[in-house]
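Participant: need coordinates for the following:
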Amino acid sequence: MKNTLVLVAAVALGFGVIGFAAPGALSPDDALARVSAAGYSATGEIDLDDGVYEIDARDRDGRLVEVHVDAASGEILSPPQPGQVALTADQIRARLTQAGYNEVRELERDDGLWKAEVRLPDGSERELRIHPYSGAIVGEEVED
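Facilitator: Predicted coordinates for the structure are as follows:
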């Protein structure tokens with residue numbers, strides 16, 4: 001019921017919302033408030049993908065940007081905010097190797113996070129979602 005009310009409110013405000021956050025997660029309205037407080041002006045669709053809101057917006061200089069907001073924490077994942085420095089691909093690979101993932105098969109930035117396909121020493125495969133600033137693994141799925 002709550003997600004339906006949030007969806008109706010967001011649509012009434014002129015924003016299209018695709019996807020729903022898990023119960024207890026940040027609502028689309030809360031995500032919009034975070035984006036606004038950071039100095040962005042939302043311009044259109046709000047999409048929820050893999051636990052991250054993707055919000056089309058304009059920055060303070062009027063440039064079009066896509067702002068990524070973590071639906072669980074409310075943190076803006078990208079673009080980097082003042083004081084934030086994103087880890088590089090090499091730094092992420094090094095952290096994954098330290099954590100015991102012996103083969104990083106693919107590594108890319110997507111939805112404000114790093115995503116990696118890795119193989120474990122036992123031969124099993126995982127898809128990991130990695131925080132862009134801390135390097136923490138924030139999601140893991142078993143690959144078939």
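Participant: now residue 86: how far from residue 46?
Facilitator: Residue 86 sits 23 Å away from residue 46, going by Cβ to Cβ, to the nearest Å. Using the backbone N, CA and C atoms, a C-beta is placed for each residue, glycine as well.
Participant: what's the answer for residue 144, then?
Facilitator: 31 Å.
Participant: same deal with residue 126?
Facilitator: Taking Cβ to Cβ as the measure, residue 126 falls 29 Å from residue 46.
Participant: out of the two, which sits in the busier spot?
Facilitator: residue 46 (23 against 16; other Cβ atoms under 10 Å).
Participant: in what element of secondary structure is that one found?
Facilitator: strand 41-49 (DSSP states H and E).
Participant: pull out the buried positions in that strand.
Facilitator: The neighbour-count check on strand 41-49 (16 or more other Cβ atoms under 10 Å) flags 42, 46-48 as buried.
Participant: pull the residues that contact the very next helix or strand once past that strand.
Facilitator: Remark: after strand 41-49, the chain's next helix or strand is strand 52-58, criterion DSSP H and E. Here strand 52-58 makes contact (Cβ atoms under 8 Å, 6 or more residues apart in numbering) with 21, 26, 28, 31-32, 35, 40-48, 64-71, 77, 111-113.
Participant: good, we can wrap up now.
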